[in-house]
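Peer 1: sequence and predicted structure below; questions after.
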Amino acid sequence: MPGGRLTQQERQQIALGLADGLAYAEIARRLDRPTSTITREVMRNGGPTAYRAELAHRATERRAHRRRPAAPRGPQAPAQAEAVREHEEAFTTLLMQQGLPKMMSRVLTCLYTTDAGSLTASELVQRLQVSPASISKATTFLVSQGLIRRERDERRRERYVADSDVFYQGMVAAAQGHAQLAETARQGVSILGPDTPAAARLENIARFVDFVGESMLRAAEQARGILYTKPGTTAGNDTAVTDR
């Protein structure tokens, strides 16, 4: 399987594949590339409907030209450093596919993959090589969504934290969002009248999201202990409800 950066010819093949309605996996197979490489390439260059091979190639060259070394993470062999970078890009792309904006995805990935699980705004600026304003906007959004939390360290600096409890709280918030959706749908049933097709549709939606939300909440409670157990060890029954 070929490695290295995509060539201009490969980008043209990607554009042709997208125009033909091919899935990322099929385009990747034809180019003998990982599917994650194609997904990342398309998502960072306009998405499937706006991807242009020449523009994507120029943008990649510009990024390579201005890219500065990131803040050191500790001693790493070149191959390991490249593998870490590829993993971070794949993680960011996945978050973007799930609806999170690009900068918010980059910040969240950065927090998840740092050993401390927390960084200051200036550290995020240095690692991601973006403006303080971009970091401020991204962290404000992530805090508002419960995906990270803000705290002060011993030097009174604000730090942004993405630890295990934040991940659990995010799942709880998602389940609560499902409950709100179900409640709103049932309000529509009473307004539209229980015998109308629209009301029947809304009631089915409410029942569905009720079930999904309750299942998410129950599963999050049952599996919470996994977030606090070191890999390779078992703290009692991982699926038991943990004490708060």
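Peer 2: Structure received. Numbering: from 1, shown residues only.

Peer 1: other SSEs contacting whichever helix in the chain runs longest?
Peer 2: Counting by DSSP state H, the longest helix found in the chain is helix 164-192. Applying 3 or more Cβ pairs under 8 Å, 6 or more residues apart in numbering; DSSP states H and E, one finds that helix 164-192 makes contact with helix 197-223. (Glycine included, C-beta is placed from N, CA and C.)

Peer 1: give the rounded mean pLDDT of the helix or strand hosting I135.
Peer 2: Element membership for I135 (DSSP states H and E) is helix 132-144. For helix 132-144, the mean per-residue pLDDT is 92.

Peer 1: mind listing residues that contact it?
Peer 2: Contact with helix 132-144 is made by 101, 103-104, 106-108, 121-122, 124-125, 128, 148-150, 160, as judged by Cβ atoms under 8 Å, 6 or more residues apart in numbering.

Peer 1: in helices only, show me the residues you listed.
Peer 2: Checked against DSSP H, these include these in helices: M103, M104, R106, V107, L108, A121, S122, L124, V125, L128.

Peer 1: look up the closest residue to the fourth one, ignoring the ones flanking it.
Peer 2: Closest residue to V107 apart from its sequence neighbours, by Cβ to Cβ, 6 or more residues apart in numbering: A138 at 4.5 Å.

Peer 1: just the last one next, same as before
Peer 2: In space, L128 comes closest to R106 once its chain neighbours are excluded; the distance is 5.7 Å by Cβ to Cβ, 6+ apart.

Peer 1: do the second one as well
Peer 2: Nearest non-adjacent residue to M104, counting by Cβ to Cβ, 6+ apart: A138, 4.8 Å away.

Peer 1: hang on, the earlier thing: got the contact list for the residue nearest to L128?
Peer 2: Counting by Cβ under 8 Å, 6+ apart, the residues that R106 touches are T92, L128, V130, A138.

Peer 1: now flag whichever of the ones in helices among the contacts of helix 132-144 is closest to L6.
Peer 2: Nearest to L6 among these: R106, at 20.3 Å, using Cβ to Cβ.

Peer 1: the closest one and T139, how far apart?
Peer 2: To T139, R106 is 11 Å away according to Cβ to Cβ, to the nearest Å.
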